[in-house]
Structure formats: structure tokens, C-alpha cells
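A.B. asks: Just to be clear, the model below is a prediction. Sequence and coordinates:
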Amino acid sequence: MNSMTGFGRGIGIDESLQIIIEIKSVNSRFLDLHLNMPATLYFLENTLRRHIKDTLQRGKVEVNVTLKNTSDREKVFTVNNTLADQIRDFLVAQGFSQTKERASLRDMMSISQDWLVLEDVPFEEAKLEGATLDALKTALAGLCDMRALEGANLKAEIEGRVNTLEAVLQEVTAHKDIAVKKYEERLLQRIQTVLEKTDVTVNMDRFLQEVATMSDKTDITEEIVRFGSHVVQLRNTLKENQPIGRKLDFLLQEMNREVNTMGSKGSDLAITDRVVVLKCELEKIREQIQNIE
């Protein structure tokens with residue numbers, strides 16, 4: 001089980017360059033990937049995205065790529081001959097030079113420097129790709145290690161709260177029959193009190209049948225069974241070796257639904273108090289699973 005929060009850093013080194021990749025991620029419903037990289041590496045963007053998507057399933061992921069020169073690189077001069085000729089013609093026309101051939105470099109540079117460009121020798125794409133992927137591999141490994149470590153901590157936290165859910169559910173189960181019996185007794189007593197104040201004659205068999213029907217509406221056996229089943233599924237899901245965040249979120253929704261039904265049906269104070277505890281524990285689990293991949 002992995003968290004969606006983590007950080008990783010990797011460095012790829014070639015003869016005259018160093019590529020640094022830093023990846024940080026936080027929780028998100030889907031994989032939300034943002035790449036910040038120099039224009040020199042744009043040709044690798046799709047490759048980087050593919051590698052990251054093969055590794056991460058969910059999270060808001062920010063990737064920062066930095067390229068640094070580690071030594072002096074060979075330079076190359078590029079001359080725009082068309083522009084250079086135009087500048088020479090201008091210098092001759094304006095009387096600054098007798099002929100194009102005698103136009104001085106200083107005069108030409110004073111008019112415009114765009115005709116002469118000094119550039120680094122372009123990187124070899126194959127070397128760039130190799131160094132970049134090395135850096136990415138290291139950064140992803142660090143990120144995954146951190147996400148796995150936090151995921152283990154979250155798992156331990158959730159398992160402890162699942163233990164609490166099971167213990168409280170056992171208490172609810174132990175009280176449910178007593179609660180139904182108390183409800184029947186209160187209902188009978190109230191109806192008998194009303195009947196004593198009137199002259200109405202009641203068929204006792206029919207009367208007791210109606211009391212039993214109303215008591216069934218307060219029985220939470222089905223909700224307890226379904227909730228217990230969800231607890232088992234929750235435990236089993238925590239053991240799965242794959243992204244489980246969405247599945248856990250669905251289970252928590254179903255468990256909340258059962259608990260809410262218990263609360264609406266239950267009229268016994270002991271059960272109501274325990275329903276409140278169950279809802280509090282579920283909310284704490286829900287907060288934790290928001291950060292699970």
C-alpha cells in the first residue's frame with residue numbers, strides 16, 4: 001500500500017553535462033502530471049511522461065528537470081551571410097567604407113550583431129536521453145520508497161482503527177436483542193396506557209402482531225451483518241499489492257451508509273453511543289485513505 005505523498009531526486013551525468021530531476025507528489029483523485037523542463041529536452045517529454053505513468057497511478061506529480069554544463073563546451077560560429085552583405089552594402093552606401101571588402105568588423109558589429117552567432121555545439125540526443133532516463137529512474141525510485149514507507153505507516157494506523165470498529169461492532173451486536181426487547185416493552189406500555197384511558201376493545205393477537213412488526217423496524221441485524229462483511233473486505237483490501245485508494249473510498253461510503261441506518265433505527269442509548277464511535281472511527285479512516293494511491 002502506497003501513499004501519494006513523496007519526493008525523489010536523481011542525477012544523470014554525461015561527459016559535459018549534468019541532468020537533475022526532482023519529483024514531488026501529493027494526493028489527487030487521478031494522476032495529475034506537470035513537467036517543467038528546458039527546451040533542449042522537449043523531445044523527451046513524451047518518453048518521460050510514459051515512464052512516470054508506468055510507475056505512478058494517482059497523485060498530483062510535479063517534475064522539475066534541470067540541465068547544467070559541467071565543463072567548457074566547444075563553440076561554433078554561425079554567420080548569416082545575407083545579413084552580413086546587406087550591412088556591408090549599407091556601410092559603402094553611407095560612405096563608411098570604400099568597398100564591401102574593406103568594411104571593418106567593428107563597423108559591421110556596430111550596425112548589428114545578429115549576423116554573427118556564437119553557439120554551443122548541440123548535444124547528442126542519444127546521450128541526453130540516456131542521462132535523463134538515468135536521473136528519472138533514480139528520482140522515481142526515491143519517490144516510490146518514500147511513498148511506500150508512508151503507506152506502511154498509514155496501513156498500520158488504519159488497521160488499528162479497524163480493530164476498534166470490530167470491537168465496537170461486537171458491542172452493538174451484544175446489545176441489539178436487548179434494545180429490541182426494550183423497544184417492544186416501551187411500545188406495549190405506551191399503547192396499554194392509551195387503551196386504559198379509552199373504551200376501545202383491542203384484539204390482542206392482532207395487537208401483538210402489530211407490535212412485533214414495528215419492533216422489526218428497529219432491528220439492525222442486517223446492517224450489522226453487512227457492516228461486518230465490509231470490515232472483512234477492508235482488511236483484505238489493505239493486503240492487496242496494487243493501488244487501492246479508490247476501492248477503500250468506496251468501502252468507506254458503504255460502511256457509513258450502514259452505520260447511518262443503524263443510527264436511524266436504533267432507539268437504545270447504548271447502541272446510539274456506539275454508533276457515534278463507529279462514525280468517528282470511519283471519519284478518521286476516511287481522512288487517512290485520501291492520501292492512499
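C.D. replies: Here it is on my side, so go on. Residues are numbered from 1 along each chain as shown.
A.B. asks: Could you use CA atoms for every contact and neighbour count after this?
C.D. replies: Fine.
A.B. asks: In contact with the nearest residue to L17 once chain neighbours are set aside, which residues?
C.D. replies: Taking Cα to Cα, 6 or more residues apart in numbering, and ignoring the residues beside it in sequence, L17 has N69 as its nearest neighbour in space, at 4.4 Å. When contacts are counted by Cα atoms under 8 Å, 6 or more residues apart in numbering, N69 touches 16-18.
A.B. asks: Turn those residues into a markdown table, including secondary structure.
C.D. replies: Converted to a markdown table, the contacts of N69 look like this (DSSP: H, G, I helix; E, B strand; the rest coil):
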| residue | secondary structure |
| --- | --- |
| S16 | coil |
| L17 | strand |
| Q18 | strand |
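A.B. asks: Would you mind checking those for buried ones?
C.D. replies: Neighbour-count burial (16 or more other Cα atoms under 10 Å) applied to these gives 17-18.
A.B. asks: So, low pLDDT: which residues of the stretch 1-150 of the chain?
C.D. replies: Counting by pLDDT under 70, the low-confidence segments of the stretch 1-150 of the chain come to 70-75, 118-123.
A.B. asks: ok, which stretches of it are helices?
C.D. replies: Along the stretch 1-150 of the chain, the stretches classed as helices by DSSP state H, counting those that start in this stretch are 45-55, 81-93, 105-111, 125-196.
A.B. asks: out of the ones you listed, nearest to F7?
C.D. replies: With Cα to Cα as the criterion, F7 lies closest to helix 125-196 of the helices of the stretch 1-150 of the chain, at 4.7 Å.
A.B. asks: so how far is that closest one from its chain's centroid?
C.D. replies: A distance of 18 Å separates the C-alpha centroid of helix 125-196 from that of its chain, computed with Cα atoms, centre = their mean, to the nearest Å.
A.B. asks: helices and strands around that helix, which ones?
C.D. replies: Applying 3 or more Cα pairs under 8 Å, 6 or more residues apart in numbering; DSSP states H and E, one finds that helix 125-196 makes contact with strand 6-13, strand 17-26, helix 45-55, helix 204-216, helix 221-238, helix 269-289.
A.B. asks: The longest one: which residues count as buried?
C.D. replies: Burial within helix 269-289, assessed by neighbour count using 16+ other Cα under 10 Å, is assigned to 271-272, 274-275, 277-279, 281-282, 285-286, 288-289.
A.B. asks: What are the phi and psi values at the closest residue to L91 other than its chain neighbours?
C.D. replies: Excluding the flanking residues, the one nearest L91 by Cα to Cα, 6+ apart is S97, at 5.6 Å. Per-residue torsions, S97: phi -150, psi 140 (degrees, to the nearest 10).
A.B. asks: Spit out the contact partners of S97.
C.D. replies: With Cα under 8 Å, 6+ apart as the criterion, the residues that contact S97 are 91, 103-104.
A.B. asks: quick one: which of those has the most company?
C.D. replies: L91 (21 neighbours; other Cα atoms under 10 Å).
A.B. asks: So that residue sits against A103, correct?
C.D. replies: Yes - because the distance of 7.0 Å satisfies Cα atoms under 8 Å, L91 is recorded as touching A103.
A.B. asks: And for the spatially most distant residue from the centre of the chain, nearest residue in space, chain neighbours not counted?
C.D. replies: For the chain, the C-alpha farthest from the mean C-alpha position belongs to Q98; by Cα atoms, centre = their mean, that distance is 72.0 Å. Nearest residue to Q98, sequence neighbours excluded (Cα to Cα, 6+ apart): V92, at 5.8 Å.
A.B. asks: That'll do, ta.
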